[in-house]
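could you look at this predicted model? Sequence included:
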Amino acid sequence: MRADLLTDAVDGLDEALAAVDGFDQVLVGGLLRPQPAQAAGLAGLADAVAGSPLAGRTAEASEKTAAGAADEDHFLVLAAARTALLGSVHDALVARVEEAVGRPRAEETAAPGAGAEHPVNLLAAARGWLCDLARTGWQGIDHELVGGAAPVVTAMLPEPALRRLATLLDGFAAELAASCPGATLERIPVRRWADLWSRAMLLTLPGADRTAAVTEVTGRLLPLGVDLHEHATAVQAQVHAVFEPADGTTPRLVRAGVSAPKPDTVVGAGLWQLLRPHMSLLAAVSEGRAMELDAMPVTAEGDLLWDDAHATPGEPADAFVTARVALPTATAAPVTPVDRHPARIAVPVLIEGYTVEKEDDGLAFRVAGERLAVDAVRVPAAGPLTAEAVASSGACLGLLRWDAGEFVLQPLAVERTVRKKPVAVHAGAWAGGTADKAGVRAEKAATDAVTVLRERAGRLLRK
Amino acid sequence: MRVVPSARPRKLAKVPFVELADGRLQGVVSSGSDIGRVYVSSVEAGTYAFSCSTNNNRPCGGARGAFCNHIRALIGEAVLQYGAERVARYLKVDVSGDSGEGADAHTLTFAMTSTHPAQGDKSAAAQVFSRFLRHLAYLEFAPSTAPLPEMHWFPTTGAVA
Ligand SMILES: [Zn+2]
């Protein structure tokens, strides 16, 4: 890997992010009575997309908004312009990563496929709430405003076609609620909330979250590791893997995810318990096995739409062997326009031959003279991988991400030398279950918690 | 990157539901004697006005003029779930002026009771109970294997918990 390319400046990046930051600052004070500084932020966004097809509409939306005369469509255009700008940042960063790891890029674009019909009234309700937020600004949020999301989310969650927006709104609203009242907030996560806001705005457009076109694949799936996501009321486990087609064509980088809404008290091993029954791949990951896929649906973006009926357990497969042998030959899938965002970058890489540097607030690897920050926090609680294991490792299989202006490495697994032999520790080792003592204890606690909740639900919910 | 850390694991038998919401610490406490009954308890941020009643809206006998055992249990479990610092900050409890560091459920409870808080109005109970039912309903939604790219904004932060 050319680590130097990860630390080199990317042309145009600072300018694009400055325009994004200018707009994001507008949302801090809100759009009800825009001030001159906010007008400048809005104009900056319009200028930044002046050369794009969004130019005319963004200029109009920016002017109307600065004059305090914006409607919901204008807000939507601003969200789209901001998303396009970050899309260009995403593309520049991904090009840089591909150059650094020497991975060939798949040429075709991921065209959207057919999508389910969305109940338009719920999308309109969600957009109404988001526009109220934008008018009020982060400094003006209170419990009443934030609580307005709850009925919308409750109505959306049972609709599979609305799961993406519902899950996003739910996590966003919980975060805002924990930060109320906005007037006394010491530190506002300005970029983050603007990210969540714009993304939610775009998802209120019918069809915006349509999955990329779906085909079927047959061949061997070699897991690399598990990336776990959670907020108070949702969890997703995403397995990164190399797929080797049975017809001998080029191996592909793919992901397979499983997600579920959850009560906030289901945590730790409880997350695995919730997801495990719906994706046999999690057990294969824990056992260090490949899986044989037969006509498994996959999107043009490289997301397997996992169905246990199309998968059978295969031979043992060591993730580090996969990373050394198969990963360098695999191509990455293209990304659909709405998903082009720096926060979505998660590129599997194997890093070796580094020294570990302990810093005040974490770890970094020194690779070929370059510093690569390690995000060892982004690791499941119910799993054996710890910051200490990462710090004493000699090889690290992880996801390259981009956060707060730099590339960082999220460890999925590390290899340590114990009595002159390499021993692997996987973040997702307990995904499919475990015999580890601490793991078994965590499983028991999680089972007890869910048992209590189910008992309470059975007694109280259907009265 | 995340603003709200995930809840810490705790046993749920006694207090199945706790939340910091609507400007209150609120939750549901199982009755010790009747498995079909729960108490809905809450303490308001700032004033510590408290309320406790059953899910059938009967007032709790223990909560006349002072925190009952349900409210005390609620505070204890909230501290387990969120940490004393976050609970103190939300309820605006000044614990020896050190931003809640070193505080525990006992010091929090003591700090609030020593202000002799008033009995709050019961109207919140129905709302809290319906939020508990909404919370339980999260067990009922089917998992999905369709990609959920938005979750990349919500990484697990397990290693520090
Ligand atoms: Zn009581």
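On my side now, so go ahead. Numbers count the residues shown, from 1 in each chain, chains lettered A, B, ... in the order given.

please count neighbours and contacts with C-alpha atoms only from this point.
Fine.

so where does the most centrally placed residue in chain B fall, helix or strand?
Nearest to the mean C-alpha position of chain B, counting by C-alpha atoms, centre = their mean, stands residue B:18 at 3.1 Å. If you go by DSSP states H and E, residue B:18 is part of strand B:17-21.

in which helix or strand does residue 28 reside?
You didn't say which chain, so I picked chain A. For residue A:28, the host element (DSSP H and E) is helix A:13-29.

if you could check chain B rather than the one you did, that'd help
Using DSSP H and E, residue B:28 falls in strand B:24-30.

cool, and residue B:35?
Residue B:35 is part of no helix or strand when elements are defined by DSSP H and E.

could you pull out the strands for chain A?
Here chain A has its strands, by DSSP state E, at A:214-231, A:234-245, A:252-261, A:289-299, A:303-304, A:311-316, A:347-352, A:354-359, A:362-367, A:370-374, A:395-403, A:406-418, A:421-426.

so which of those gets nearest residue B:87?
strand A:214-231 (18.8 Å; C-alpha to C-alpha).

could I get the average pLDDT for the closest one?
Summarised as a single mean, pLDDT over strand A:214-231 is 97.

now for it, which elements pack on it?
Packing contacts for strand A:214-231, counted by 3 or more C-alpha pairs under 8 Å, 6 or more residues apart in numbering or on different chains; DSSP states H and E, involve strand A:234-245, helix A:281-287, strand A:289-299, helix A:319-321, strand A:406-418.

just to revisit the earlier point, make TSV from the strands of chain A and add mean neighbour count to it.
Converted to TSV, the strands of chain A look like this (neighbours: other C-alpha atoms under 10 Å in any protein chain shown):
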stretch	mean neighbour count
strand A:214-231	24
strand A:234-245	25
strand A:252-261	25
strand A:289-299	21
strand A:303-304	24
strand A:311-316	16
strand A:347-352	21
strand A:354-359	15
strand A:362-367	19
strand A:370-374	20
strand A:395-403	22
strand A:406-418	22
strand A:421-426	17
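
let me have those in TSV, extended by distance to residue A:166.
Shown next, in TSV, are the strands of chain A (distance: least, C-alpha to C-alpha, whole Å):
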stretch	distance to residue A:166
strand A:214-231	13
strand A:234-245	10
strand A:252-261	10
strand A:289-299	22
strand A:303-304	20
strand A:311-316	29
strand A:347-352	27
strand A:354-359	38
strand A:362-367	34
strand A:370-374	31
strand A:395-403	25
strand A:406-418	27
strand A:421-426	31
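
out of these, nearest to residue A:441?
Nearest to residue A:441 among those is strand A:421-426; the distance by C-alpha to C-alpha comes to 18.6 Å.

quick check: phi and psi at residue 53.
Because you didn't say which chain, this covers chain A. Dihedral angles of residue A:53 (phi, psi; degrees, to the nearest 10) stand at phi -60, psi -20.

should've been chain B
phi -150, psi 170.

for residue B:27, see how far away it is.
From residue B:53 across to residue B:27, the span is 11 Å (C-alpha to C-alpha, to the nearest Å).

mutual contacts of the two, please.
Residues touching both residue B:53 and residue B:27 by C-alpha atoms under 8 Å, 6 or more residues apart in numbering or on different chains: B:40-41.

so which of those two has more stuff around it?
Neighbours were counted for residue B:53 and for residue B:27 using other C-alpha atoms under 10 Å in any protein chain shown; residue B:27 has more, 29 against 22.

distance of the more buried one relative to chain A?
13 Å (C-alpha to the nearest C-alpha, to the nearest Å).

got any ranges where chain B has weak pLDDT?
Scanning chain B for pLDDT under 70 picks out B:1-3, B:96-101, B:159-161.

the stretch 151-300 of chain A too?
Along the stretch 151-300 of chain A, the model assigns pLDDT under 70 to no residue.

chain B contacts on that one?
Within the stretch 151-300 of chain A, the positions lying close to chain B (C-alpha under 8 Å from any C-alpha of the partner chain) are A:154, A:157-158, A:164, A:167-168, A:175, A:177-178, A:189, A:192, A:228-233, A:235-236, A:256-268, A:275, A:278-279.

which strands or helices does the helix holding residue A:28 pack on?
Counting by 3+ C-alpha pairs under 8 Å, 6+ apart, helix A:13-29 packs on helix A:36-48, helix A:72-101, helix A:120-136, helix A:190-203.

so which bits of it are buried?
Across helix A:13-29, burial judged by 16 or more other C-alpha atoms under 10 Å in any protein chain shown covers A:13, A:16-17, A:19-29.

which residues sit in contact with the residue in chain B that chain A sits nearest to?
Residue nearest to chain A within chain B: residue B:158 (3.8 Å; C-alpha to the nearest C-alpha). Residues counted as contacts of residue B:158 (C-alpha under 8 Å, 6+ apart) are A:268, A:377-382.

tell me the one of those residues nearest residue A:76?
Nearest to residue A:76 out of those is residue A:378 (C-alpha to C-alpha; 31.9 Å).

please report how far the closest residue to that closest one other than its chain neighbours lies from residue A:412.
Using C-alpha to C-alpha, 6 or more residues apart in numbering or on different chains and skipping the chain neighbours, the partner closest in space to residue A:378 is residue B:157 (4.9 Å). For residue B:157, the distance to residue A:412 equals 13 Å [C-alpha to C-alpha].

coming back round to it: not counting its neighbours along the chain, what's nearest the residue nearest to the centre of chain B?
Nearest to residue B:18 is residue B:27, by C-alpha to C-alpha, 6+ apart, at 4.3 Å.
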